[in-house]
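J.: Structure for this input, please:
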Amino acid sequence: MQLVIAAVGHKMPAWIEAGFAEYVKRMPAECRIHLKEIKPVERSGSKTSETAMALERAKIEAALPKGCRIVTLDERGKDLTTVQLSQLLTQWQQDGRDVSFIIGGADGLDAEFKARADMLIRISSLTLPHGMVRVLLAEQLYRAWSITQNHPYHRV
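T.: Below is the predicted model:
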């Protein structure tokens, strides 16, 4: 199973890239994290936020593995604990499908795309920079995996 993080945005600061890379390298081969950066659609002239999100949706869909489980990150999504995420990770590994986590752009994610997602989760009730969400998500996926392996990284 591969974990794909499809994130609208590019040209992240070095500290974001370094933090993200740290957790990616810790993941085992059977549960690799792959980043797919989606270039944001610039709003100009007649492009509304809805138009931009629809164009970004098409780019996101093109970047996802066929038949993957889609988990969108949304402020109104389910609030999971890390232990609950580890339980989901175990279920997903047994399912065998790739899992794609979607981080929207500045305007968010297209409503139709969110409605079709398999699951909506939230990382935090706080408003966070989208780059930081990549790092937090990668860390939580590593922590969830460490729980499934009884690894000492996660201490209860």
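
J.: Poorly predicted segments of the protein, please.
T.: The chain contains residues with pLDDT under 70 at 156.

J.: what is the residue nearest in space to the middle of the chain paired to in the beta sheet?
T.: Residue closest to the mean C-alpha point of the chain, counted by C-alpha atoms, centre = their mean, is F101 at 3.0 Å. In this entry, F101 is beta-bridged to I5, V71, by DSSP bridges.

J.: if I read this right, it contacts L3, doesn't it?
T.: Yes: taking contacts as C-beta atoms under 8 Å, F101 lies within contact range of L3: 7.0 Å. (Glycine included, C-beta is placed from N, CA and C.)

J.: Need the contact partners of the top helix by length along the chain.
T.: When the chain is parsed with DSSP state H, its longest helix is helix 130-148. By C-beta atoms under 8 Å, 6 or more residues apart in numbering, the surrounding residues in contact with helix 130-148 are 3, 5, 7-9, 12-13, 16, 19-20, 23-24, 26-28, 31, 33, 35, 73, 82-83, 85-86, 88-90, 93, 101, 103-106, 123-124, 128, 151-154.

J.: Output it as CSV, nothing but the C-alphas.
T.: Extracted in CSV, the C-alpha atoms of helix 130-148 (Å, rounded to 0.1, in the frame of the first residue of the first chain):
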residue,chain,number,x,y,z
HIS,A,130,-0.9,24.3,4.2
GLY,A,131,2.8,23.4,4.1
MET,A,132,2.8,22.8,7.8
VAL,A,133,-0.2,20.4,7.3
ARG,A,134,2.0,18.3,5.1
VAL,A,135,4.6,17.9,7.9
LEU,A,136,1.9,17.2,10.5
LEU,A,137,0.2,14.7,8.4
ALA,A,138,3.4,12.8,7.5
GLU,A,139,4.4,12.8,11.2
GLN,A,140,0.9,11.5,12.2
LEU,A,141,1.1,8.8,9.6
TYR,A,142,4.5,7.7,10.9
ARG,A,143,3.2,7.8,14.5
ALA,A,144,0.1,5.8,13.5
TRP,A,145,2.4,3.2,11.8
SER,A,146,4.7,3.1,14.9
ILE,A,147,1.6,2.3,17.0
THR,A,148,0.7,-0.6,14.8
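
J.: Fine by me, we can end here.
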